[in-house]
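predicted model and sequence below, questions to follow.
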Amino acid sequence: MSDYRDLRISVIGAGMGGLACALAFAKKGFKHVDVYETASNLGFVGAGIQLAPNMARVLDRWGCWDSILAEATNIKSSSIREGSSNHELVHVEMPDIEQKYGYPHCTGHRASLAGGLYEGCKKEPNITFHFSTSLAGVKSFGPGKVVFTAQPRNGEAYDVETDVLLGADGIKSVVRTGLLKGLNITADVEDTGQAAYRIMLTRAEMEHDPELLELLDSDCALRWIGEKRHIVAYPISNKTIYNLSTCQPDVNFAAATNATYTTRGSKPAMLKVYGDFHPIVLKMLNMVPEGEVCEWRLRSHKPLDSWILGGVALVGDACHPTLPHLSQGAAMAIEDAAVLAEVVSSAPGGGTDKEALSRALKVYELLRKERTSILVELAAASARTLHLGEGKAKEERDRQFKEAKKGQPIPDKWASPEVQHMIYSYDCVAEAREKFDELYAMLAGEKNDHTNGANGFTNGHANGIAV
C-alpha cells in the first residue's frame, strides 16, 4: 500500500493560509511540501489581529502557539461605545474564555502570527520555499498529476508536476481563476462598499496622556460605532502598541479603474470621516503622521459553487473572503489548512488513486464550506447592525445593548456569547477525524444524501444564531 506521506504537496502563496498549509502537511509527516511565493522574502507587515481560541487550538497542535501568546494581550472584556459621545452601550466581561474553551481570546500583531507560522515551517526539513516565484497558470487539474507553471521573477518559466495543489493566494487568486474556468463557472470579485484605515500608536506616543495610557494598559477591546462607520481598538505586542482598525464607506477606491486594494490615505480625509466622533478618538487619529495614513479596500466575491477540481483546492480568502467584523478571517484559513492535511492523509490507498484523492479534497469542502459561509454572513450582518443611522432600528439595537444581561445575545456578533460559543468551541481537526469516513462514503455513492449529512452536522454548531 502506498504511503500518503510520499505525495507531493504544492502551495501557492505564503500568507497566513499558505504558511498554515505547509506547516499542517509537514506536521502530518508529508515529505514533499513546496511553497511558491511571489515576494522575494517574508518581511511581515500589517497591523493588529485577533487570536481566537479556535485558532489557538490549531496553532497549539503545531507547536507554535506559545511564542505567539508570549507577545499577545489576553482580552478580558469588550466595550461597545457610541462613537460621537463615547457613551458605553454595553460592557461584556470575558474573564473565563480560557476556562470555557481551553484557550484565551487574545490580540496580537499580524507579524507575530505570521512569524510564528514561518518559524514553525523553517523547523520542518520537508518544507521548501520558492521565493520570487509566481503562478503563471494551471495546465492540468487532473485526473492524474496536477501540472502548473511557475514563473521566477528573473528566470525562465517551468512546469511543476504535483499531486495536490493548494491555492492560498488570496482574494486575487490565480488558482481560483483557473479552477473556475475549468468548471465553466464565474464568481467575480466584488466591492463591499467598505474600506479601512489601520493605525498603530506606540507606547511612547501615548504614555504622556493618562486617558490614552489607560486604554493601552487595559485588557479590553473597544468598538466605537457610528452611522456607516466604526473603529475597533485594542493593545498588542505586550501592550507596547495600540492598534486601531476602522471601517467606513469606500470613497477613495470607488472610482478606481484598476484592482488596487491599498492606497496612501489622506489624514485630513480620515479626520473628516470621523469628525463627529468623540475627542478621545480624534486625539488618537490626530497622532498619525501625515505620510503614514494607509487605507485598505475591503473586497469579497460571491460564494463559489466549488472549491475543488481534481487535485486542486482553494484555501482561505481564495474561496471565502470575509469582512473583518467577526475577526475570523485568518482563523478560518488556518482551520482550512488543518482540515486539508487531515483529509488528504486519510484518502484511501495513500493517494495513489487520484479519484479517491480528489474525493478526499471534496470532503474538506463539505466540512468547511457551510461553516465558513455562516461566519462570513455573520460578519456582514454585524456591520449592518453596527452601522445603523438614526431611526427606529438604531433605537431597538441600542435597547438590546442596554438591556442585555450577562450571557445573553447582543447585536455585536463578535462579542455576543452565543456566537463566541459557536466559534470558540469548534475543533476543526476533531470534526474532520470524526466525519471523514461518513462523508467520503457519501461522496463515493455508498450513501445517497451527502448534503443532509454534512449540513446537519455543521448546522448543529449554529443552532440559535440569528444571521
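It's in. Residues are numbered from 1 along each chain as shown.

tell me where the longest strand sits in this structure.
strand 189-202 (DSSP state E).

which residue ranges form the helices in the stretch 151-300 of the chain?
Using DSSP state H, counting those that start in this stretch, the helices of the stretch 151-300 of the chain run over residues 174-183, 203-206, 210-216, 267-273, 279-286.

output the fourth one as CSV, nothing but the C-alphas.
Listed next in CSV are the C-alpha coordinates belonging to helix 267-273 (Å, rounded to 0.1, in the frame of the first residue of the first chain):
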residue,chain,number,x,y,z
LYS,A,267,-5.0,62.4,7.0
PRO,A,268,-7.5,65.3,6.5
ALA,A,269,-9.9,62.9,4.7
MET,A,270,-9.6,60.4,7.6
LEU,A,271,-10.3,63.1,10.2
LYS,A,272,-13.3,64.3,8.2
VAL,A,273,-14.8,60.8,8.1
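
could you find the closest non-adjacent residue to the residue nearest the centre of the chain?
Nearest to the geometric centre of the chain sits Gly329, at 1.6 Å (C-alpha atoms, centre = their mean). Distances taken as C-beta to C-beta, 6 or more residues apart in numbering put Thr322 closest to Gly329, at 5.1 Å, once the chain neighbours are dropped. (Glycine included, C-beta is placed from N, CA and C.)

number of nearby residues for the one you found?
Neighbourhood size, Thr322 [other C-beta atoms under 10 Å]: 24.

list the contacts of it.
Neighbour list for Thr322: Ser300, Gln328, Gly329, Met332, Thr372, Leu375, Val376, Ala379 [criterion: C-beta atoms under 8 Å, 6 or more residues apart in numbering].

pLDDT value on the third one, please?
Spelled out, it's Gly329. With respect to pLDDT, Gly329 scores 93.

that one reaches Asp317, doesn't it?
Yes. Between Gly329 and Asp317 there is a contact under C-beta atoms under 8 Å: 6.9 Å.

ok so, going back, now, of the contacts of Thr322, which are buried?
Ser300, Gln328, Gly329, Met332, Thr372, Leu375, Val376, Ala379 (16 or more other C-beta atoms under 10 Å).

list the contacts of Arg399.
Neighbours of Arg399 in contact, by C-beta under 8 Å, 6+ apart: none.

can you redo the helices of the stretch 151-300 of the chain as TSV with mean neighbour count and mean pLDDT?
Output for the helices of the stretch 151-300 of the chain, formatted as TSV (neighbours: other C-beta atoms under 10 Å; pLDDT from 0 to 100):
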stretch	mean neighbour count	mean pLDDT
helix 174-183	20	94
helix 203-206	16	97
helix 210-216	15	97
helix 267-273	15	93
helix 279-286	16	97
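
can these go into CSV with extra columns for distance to Ser112?
Converted to CSV, the helices of the stretch 151-300 of the chain look like this (distance: least, C-beta to C-beta, whole Å):
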stretch, distance to Ser112
helix 174-183, 27
helix 203-206, 16
helix 210-216, 17
helix 267-273, 26
helix 279-286, 22
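
strand partners (parallel or antiparallel) of the longest strand of the chain?
strand 241-249 (antiparallel), strand 294-301 (antiparallel) (DSSP bridges).

Val312 is in contact with Leu179, correct?
Yes. Here Leu179 reaches Val312: they are 5.8 Å apart, a contact under C-beta under 8 Å.

what's the overlap in contacts for these two?
Val138, Phe141, Gly167.

most neighbours, which of those residues?
Taking other C-beta under 10 Å as the neighbour criterion, Gly167 ranks highest of these with 30 neighbours.

and that one, how far from Leu366?
Distance, Gly167 to Leu366, using C-beta to C-beta, to the nearest Å: 18 Å.

the residue nearest to the centre of the chain and Glu355, how far apart?
32 Å.

cool, and Ile374?
30 Å.

more crowded one of those two?
More crowded of Ile374 and Glu355, by other C-beta under 10 Å: Ile374, with 19 against 12.

and that one, what helix or strand is that in?
Assigned by DSSP states H and E, Ile374 belongs to helix 354-386.

for that helix, buried residues please.
For helix 354-386, using 16+ other C-beta under 10 Å, the buried residues are 354, 356-372, 374-383, 385-386.

over to stretch 59-79?
Those would be 59-60, 62, 64-65, 68-69, 71-73, 75-76, 78-79, for stretch 59-79 by 16+ other C-beta under 10 Å.

just give me the closest of those to Gly29.
Trp62 (13.0 Å; C-beta to C-beta).

so who does the closest one touch?
With C-beta under 8 Å, 6+ apart, Trp62 has these contacts: Leu23, Ala24, Lys27, Gly120.

what about it, distance to Val174?
In terms of C-beta to C-beta, Trp62 sits 27 Å off from Val174.

which residue ranges form the strands in the stretch 101-250 of the chain?
106-109, 127-130, 133-140, 146-152, 158-162, 164-167, 189-202, 220-226, 229-236, 241-249 (DSSP state E, counting those that start in this stretch).

among those strands, which comes closest to Gly18?
strand 164-167 (7.6 Å).

give me the neighbour count for the residue nearest to Gly46 when sequence neighbours are not counted.
Computed as C-beta to C-beta, 6+ apart, the closest residue to Gly46 that is not its neighbour in sequence is Arg110, at 3.4 Å. Counted by other C-beta under 10 Å, the residues lying close to Arg110 total 19.

appreciated, that's everything.
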